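K.L.:
no sequence on hand, only this structure:
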């Protein structure tokens, strides 16, 4: 009998029959793992087994390579706490979708989980401007952890470490405003907060939402090209929805006063 215990974030659920589930979890020591949840769609367990909830897990299987059975106890119902905060919830579900659809099962990503866990702890209460910027930094870390890191530390053409304003959509390397001027229409804008702290773990102060939107455009380009296009798949819908929600938030007219 094989078994392990760990905490984990529920990142995807698939119904199995009328009452059961196949769940995908992201854990610190096991990476992405899947398992069979008896009664996961039932009245007692369905409030626990929700995408975006953090659980204490026990996985057991008879043989190596088999699906295994999962039992879980709720640590924190993160997604349920965000039902009245659609943009915060969109950040969470976008991250879950990337984890569920891009990671290979059984490969530990301890650094990625540690950064995510810090961000999850702040998700319900930290300013949205700080959370959005931290999420973009986490996507940069996601790319780096899977072998597709961007080099935002210096200019690819001049070697300069200041004045960085663009990123090459092919090489993923930064370019200064002056050096990139002849090709500016073909380059991706580099938001100032990423030029100052590339691949930083989710932390730091608030950043204008428009900068985070530009960051999502940047990371989205490389997520789509490096991770999903190679398998002839688009970016996850939840990730596309996040971009649209943030864009709508920025362009929405201010609320009228009393």
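P.N.:
Looks like it arrived, so ask away. All values derive from a computational prediction rather than experimental measurement. Numbering: from 1, shown residues only.
K.L.:
name the helix or strand of this structure that has the lowest mean pLDDT.
P.N.:
Sorting the helices and strands of the chain by mean pLDDT, DSSP states H and E puts helix 192-196 at the bottom, at a mean of 87.
K.L.:
from the chain's centroid, how far away is the next helix-or-strand element following that one?
P.N.:
Note on helix 192-196: by DSSP states H and E, the next helix or strand toward the C-terminus is helix 209-222. Remark: helix 209-222 is offset 13 Å from the chain centroid, using C-alpha atoms, centre = their mean, to the nearest Å.
K.L.:
in helix 209-222, which residues are buried?
P.N.:
For helix 209-222, burial by neighbour count (16 or more other C-beta atoms under 10 Å) applies to 209, 211, 212, 213, 214, 215, 216, 218, 219, 220, 222. To be clear about C-beta, it is placed using only N, CA and C from the backbone, and glycine gets the same treatment.
K.L.:
quick one: the helices in the stretch 51-200 of the chain?
P.N.:
Listed in chain order, the helices of the stretch 51-200 of the chain (DSSP state H, counting those that start in this stretch) span residues 78-81, 86-102, 110-122, 128-145, 177-180, 192-196.
K.L.:
next, the angle from the longest one to helix 209-222.
P.N.:
When axes from the mean of the first three to the mean of the last three C-alpha atoms, to 10 degrees is applied, the directions of helix 128-145 and helix 209-222 differ by 20 degrees.
K.L.:
just give me how far helix 128-145 sits from the chain centre.
P.N.:
Taking mean C-alpha positions (C-alpha atoms, centre = their mean), helix 128-145 and its chain are 7 Å apart.
K.L.:
now swap in stretch 16-25 and tell me
P.N.:
The answer for stretch 16-25 is 23 Å, by C-alpha atoms, centre = their mean.
K.L.:
measure the residue most central in space within the chain to residue 184 for me?
P.N.:
Taking C-alpha atoms, centre = their mean, the centroid of the chain lies closest to residue 95, which sits 2.7 Å from it. Going from residue 95 to residue 184 by C-beta to C-beta, to the nearest Å gives 31 Å.
K.L.:
what's the answer for residue 143, then?
P.N.:
To residue 184, residue 143 is 23 Å away according to C-beta to C-beta.
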